[in-house]
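# structure for this input, please:
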Amino acid sequence: MYIITKNKAGYDVARQQLKREAVDFLRWPDDVEIDVYDMYHLKNASSKDYEIIKHEIFDESKMEIMNDLSEIDENHAFRYRQVTGQYNERKNMTQDMIRHLLGLTDVELDHSKLVVFDQVAAEQITEFKEHFLNPVENVEIALDAGPASIHVSSTEELRPVEGFTDMTEEQLEDYSKTFSMDLDDLLLCQDYFKSEDRNPNLSELKVIDTYWSDHCRHTTFNTELDKIEIEAGPYEALFQEALEDYMQKREDLNRTDRAVSLMDLGTIQAKHLINKGLLNNVEISAEVNACALEIKVDVDGDEEDWILYFKNETHNHPTEIEPFGGASTCVGGGVRDPLSGRSWVYQAMRITGAKNPTLPKEETHPEKLPQRTISMKALEGNSDYANQIGVTGGFAEEIYHPGFEAKRLEVGALIS
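Sure thing, here's the model as predicted:
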């Protein structure tokens, strides 16, 4: 069973956004008409359940409701859903309302969207899909496709990966294509499990793969820098001075046996201040993944011991390839760490960088999303997460420079 909805005029924000994108960016005529429908597939729902859900969950004063696709011209429409495994807020919210407000706990729901065009040529629809559907986020499906199938883990993943410890480098190289780990990572895993005299199971490799991902392990920041060259330019002297200062502090702190890396560069100043006794109120704890200061707070006339957290998060590459999700988890990661350290985040700031987002479609770098798309979707993602959890944004600024075409800048900072 399907419930298909379309917001009426005045409530059709998604329709207006898509039309603006088609007119402003794809240079379509102003009179183009685009409609957006939400499709809800109900499973395990009786006819009575269907009517209850239709009238209790969906507001018919603000939306039109259909039961099937008979009114849709399939030659002027396409349907899409989020990539399997991506969190779908609308699906989750609607499912929760059906179960918790209506008590229909057996009903399962799947959600997708339908975009319908009027008087638009087939090649224009193809152009729109190529621009609108980011394969990292969304996938096109047939108009009559059923609900998405979700992979369910099973005991199969606990069985040993036969022959893993005997794989050649060529075989491991091929096997690495199913993970984010590279050949060197898998060779290290292979050596370890050889020492254990056993093959790993798939669940073990998946855990290692996740923990060693760039997001968790910060591979890029920890990459050893064996040669640093500073290009000539207006900031050459400034960069040279900063580099020399870093190298001197490495010697002062007896850290020259460690690799030179962006991570070391980013953390050495705090270590220097602590070593000089200028930062003696830092909380030292293995569980803290933020800057934590021990402070005294006057609470109704009584002095209490409190912890003040500062946390920053960078999500440059994730935001470049998946703007909404990357930016939302940028602020989300900044919120998560102080929360895990027993504090509450109450203030945030966001600094971002992009190339000129007003450039026409023709100037989009090959194999990259348009700067316009990245900037707009990233803004939506950041505000979506921050608004849901109730974090106030005290400062936000986007810097425009041609250099940010190579890599998006997405930085969030929070205080708790």
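# when you work out contacts or count neighbours from here on, use the C-alpha atoms and nothing else.
Fine.
# got the CA positions of the lengthiest strand in the chain in PDB?
The strand of greatest length in the chain, counted in residues with DSSP state E as the criterion, is given as strand 302-314. This file holds the C-alpha atoms of strand 302-314, laid out as PDB (Å, rounded to 0.1, in the frame of the first residue of the first chain):
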ATOM      1  CA  ASP A 302      28.900  28.400  46.500                       C
ATOM      2  CA  GLU A 303      32.100  27.700  44.600                       C
ATOM      3  CA  GLU A 304      32.000  24.500  42.700                       C
ATOM      4  CA  ASP A 305      34.400  22.600  40.500                       C
ATOM      5  CA  TRP A 306      33.400  22.500  36.900                       C
ATOM      6  CA  ILE A 307      34.900  21.500  33.600                       C
ATOM      7  CA  LEU A 308      34.900  23.900  30.600                       C
ATOM      8  CA  TYR A 309      35.200  22.100  27.200                       C
ATOM      9  CA  PHE A 310      36.300  23.500  23.900                       C
ATOM     10  CA  LYS A 311      35.900  21.200  20.900                       C
ATOM     11  CA  ASN A 312      36.600  21.700  17.200                       C
ATOM     12  CA  GLU A 313      35.800  19.400  14.300                       C
ATOM     13  CA  THR A 314      36.800  19.400  10.600                       C
END
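# so what does that strand touch, helix or strand wise?
On a contact count with 3 or more Cα pairs under 8 Å, 6 or more residues apart in numbering; DSSP states H and E, strand 302-314 meets strand 291-299, helix 323-340, strand 409-415.
# could you dump the ones you listed to a markdown table with distance to Leu101, mean pLDDT and mean neighbour count?
Compiled in a markdown table, the helices and strands packed on strand 302-314 are given as follows (distance: least, Cα to Cα, whole Å; pLDDT from 0 to 100; neighbours: other Cα atoms under 10 Å):
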| stretch | distance to Leu101 | mean pLDDT | mean neighbour count |
| --- | --- | --- | --- |
| strand 291-299 | 41 | 88 | 14 |
| helix 323-340 | 28 | 86 | 23 |
| strand 409-415 | 35 | 91 | 22 |
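# now the ones you listed as a markdown table including distance to Thr223?
As requested, the helices and strands packed on strand 302-314 are exported to a markdown table (distance: least, Cα to Cα, whole Å):
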| stretch | distance to Thr223 |
| --- | --- |
| strand 291-299 | 23 |
| helix 323-340 | 21 |
| strand 409-415 | 19 |
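# ok, which of the ones you listed comes nearest Thr256?
Each of these has some distance to Thr256 by Cα to Cα; the shortest is strand 291-299, at 23.9 Å.
# what's the angle between that closest one and strand 409-415?
What separates the directions of strand 291-299 and strand 409-415 is an angle of 30 degrees, with axes from the mean of the first three to the mean of the last three Cα atoms, to 10 degrees.
# what angle do strand 291-299 and strand 302-314 make?
Strand 291-299 and strand 302-314 meet at an angle of 150 degrees, taking the same axes, to 10 degrees as the criterion.
# so where's the stretch 301-416 of the chain shaky on pLDDT?
Low-confidence regions of the stretch 301-416 of the chain, defined by pLDDT under 70, span residues 341.
# if we use 80, what do you get?
When residues are selected by pLDDT under 80, those of the stretch 301-416 of the chain lie in 337-343.
# mind exporting stretch 326-346 as PDB, just the C-alpha atoms?
Backbone C-alpha positions of stretch 326-346 (Å, rounded to 0.1, in the frame of the first residue of the first chain) are rendered in PDB as follows:
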ATOM      1  CA  GLY A 326      29.300  15.800   6.000                       C
ATOM      2  CA  ALA A 327      28.400  19.200   7.500                       C
ATOM      3  CA  SER A 328      25.800  17.800   9.800                       C
ATOM      4  CA  THR A 329      28.200  15.300  11.300                       C
ATOM      5  CA  CYS A 330      30.800  18.100  11.600                       C
ATOM      6  CA  VAL A 331      28.800  19.900  14.200                       C
ATOM      7  CA  GLY A 332      27.500  16.500  15.400                       C
ATOM      8  CA  GLY A 333      31.000  15.200  16.100                       C
ATOM      9  CA  GLY A 334      31.800  18.400  18.000                       C
ATOM     10  CA  VAL A 335      28.600  17.900  20.100                       C
ATOM     11  CA  ARG A 336      29.300  14.200  20.600                       C
ATOM     12  CA  ASP A 337      32.700  14.400  22.300                       C
ATOM     13  CA  PRO A 338      31.900  16.900  25.000                       C
ATOM     14  CA  LEU A 339      28.600  15.000  25.700                       C
ATOM     15  CA  SER A 340      30.700  11.800  26.200                       C
ATOM     16  CA  GLY A 341      32.800  13.800  28.600                       C
ATOM     17  CA  ARG A 342      29.900  14.700  30.900                       C
ATOM     18  CA  SER A 343      29.300  18.200  29.600                       C
ATOM     19  CA  TRP A 344      26.500  20.000  27.700                       C
ATOM     20  CA  VAL A 345      27.200  22.000  24.600                       C
ATOM     21  CA  TYR A 346      25.600  25.400  24.500                       C
END
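# what about Asp214, neighbour count?
The local packing of Asp214 (other Cα atoms under 10 Å) involves 15 other residues.
# so who does it touch?
The contact partners of Asp214, by Cα atoms under 8 Å, 6 or more residues apart in numbering, come to Thr220.
# and it, how far from Ser180?
Asp214 sits 9 Å away from Ser180, taking Cα to Cα, to the nearest Å as the criterion.
# now do Trp28
Noted for Trp28: a distance of 40 Å to Ser180, by Cα to Cα.
# likewise Leu158?
As for Leu158, its distance to Ser180 is 20 Å (criterion: Cα to Cα).
# sorry, back to before: closest to Pro234 out of the helices and strands packed on strand 302-314?
Using Cα to Cα as the criterion, the shortest distance between Pro234 and these is 21.4 Å, found for strand 409-415.
# who's in contact with that closest one?
Here strand 409-415 makes contact (Cα under 8 Å, 6+ apart) with 308-316, 319, 327, 330-331, 334-335, 345-354.
# let me see the contact set for the closest residue to Thr5 other than its chain neighbours.
Spatial nearest neighbour of Thr5, chain neighbours left out: Ile65 (4.6 Å); criterion: Cα to Cα, 6 or more residues apart in numbering. The neighbourhood of Ile65, defined by Cα under 8 Å, 6+ apart, consists of 3-6.
# what do you get for Ser154?
With contacts taken as Cα under 8 Å, 6+ apart, Ser154 has no neighbouring residues.
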